[in-house]
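> give the three-dimensional model of this entry:
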Amino acid sequence: MPRRHVWRAVVSFAAAAGIAAAGSLLAAAPALAAEPATAGRYVALGDSYTAGPLVPIQTGRPAGCLRSTNNYPALVARALAVGTVSDVSCSGATTANLGGPQPTGLGTNAPQLDALGPDVSLVTLGIGGNDIGFVSIITDCATRSPLHPTGAACRDHFTAADGTDELAARIDATAPKIAAALADIEERAPDAHVLVVGYPALLPDTGPGCFPVVPFSPGDVAYLRGVEKELNAMLAAQAAAAGADYVDTYTPGIGHDMCAPQGTRWIEGLVPTSPAAPVHPNAAGMRGMADAVLGALSPQAQSAA
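Okay, the predicted model is just below:
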């Protein structure tokens, strides 16, 4: 049975076990039996949006990767009762760290692709944000935008005199790196069902934002929203070109962005109010991302596969 259809059967089993009736694929995960473990090994690759920095409980080696026991790979694995999971995601990772080691200050993470093998049947890949300079973008914009609250100082900073958008160019430069990573995954785990996981909505999908709580002017909110959508569109295009599936976490994350109230928010602001790194998913965000991954594995989502 092709691996994609194996995972359809696994999710069908989960639904039959009562997950769908609970209203969430995650809610009844502890009730699942070990039967679906025949689907094989699951490997999670990615950056901090996969690892879950500061989301309780932090675990794994090296400690500097800041992986959580409640990140979306862990929640997906528990929901599907996967017998063997290798979560090698690491905060700060770029595509270079898929094939090369990543020093963290608290140990070195081995090349993430080394976790793959012919026995792997499911791979999730969530990466690309650090390739375009995620941390520096947030830092620059949080510094520049408040100085011109009626303008778009962040957009202006990343726009050259000839109108070239530096961040758009970075996204274009990252595309072949994603393509190469997907080719490497195919070579190392030829029977795996591969999911490229996009980034959830960081800012409101419409409107001016919530300055000064999130210190981006309305003009920069619109700009940064567009950058994230462009990044996700590139990831979706590369997934399609490689024959992988793309997991849209942006759409279900609308209304759960940094400006949303506590309890609704999936993404913490620059000053977190729930355990999570700044401008990263909290526990609720990780649950939302896990639901999106599980939805992509559902028989309905895969009916055309």
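
> where do the helices of the protein begin and end?
Ranges of helices within the chain are 3-16, 48-51, 72-80, 96-99, 134-144, 153-157, 166-188, 218-242, 250-253, 283-296, based on DSSP state H.

> for Ser86, which of the ones you listed is the nearest?
Set against Ser86 and scored by CB to CB, the helices of the chain come closest in helix 72-80, at 9.1 Å. All C-beta spots, glycine's among them, are computed from the backbone N, C-alpha and C.

> now do the closest one: which elements does it pack against?
Packing contacts for helix 72-80, counted by 3 or more CB pairs under 8 Å, 6 or more residues apart in numbering; DSSP states H and E, involve helix 3-16, strand 41-46, strand 85-87, strand 120-126, helix 283-296.

> mean pLDDT for these: which is lowest?
When mean pLDDT is averaged over each of the helices and strands packed on helix 72-80, helix 3-16 scores lowest at a mean of 52.

> identify the residues contacting Ala44.
Contacts here follow CB atoms under 8 Å, 6 or more residues apart in numbering; on that basis Ala44 touches 50, 71, 73, 85-89, 123-124.

> ok, and the closest non-adjacent residue to Ala260?
Beyond its immediate neighbours in the sequence, the residue positioned closest to Ala260 (CB to CB, 6 or more residues apart in numbering) is Trp266, lying 7.5 Å away.

> equivalent analysis for Arg265, please.
Across the structure, with CB to CB, 6+ apart as the measure, the residue nearest Arg265 apart from its sequence neighbours is His256 (6.0 Å).

> so the one you found makes contact with Leu203?
No. With contact taken as CB atoms under 8 Å, His256 and Leu203 are classed as non-touching, separated by 11.1 Å.

> of those two, who's got more company?
Neighbour totals were compared for His256 and Leu203, and Leu203 leads with 23 against 19 (other CB atoms under 10 Å).

> which residues touch that one?
Contact criterion CB under 8 Å, 6+ apart gives 209, 214, 216, 221, 224-225, 228, 257-259 as the residues in contact with Leu203.

> fine by me, thanks again.
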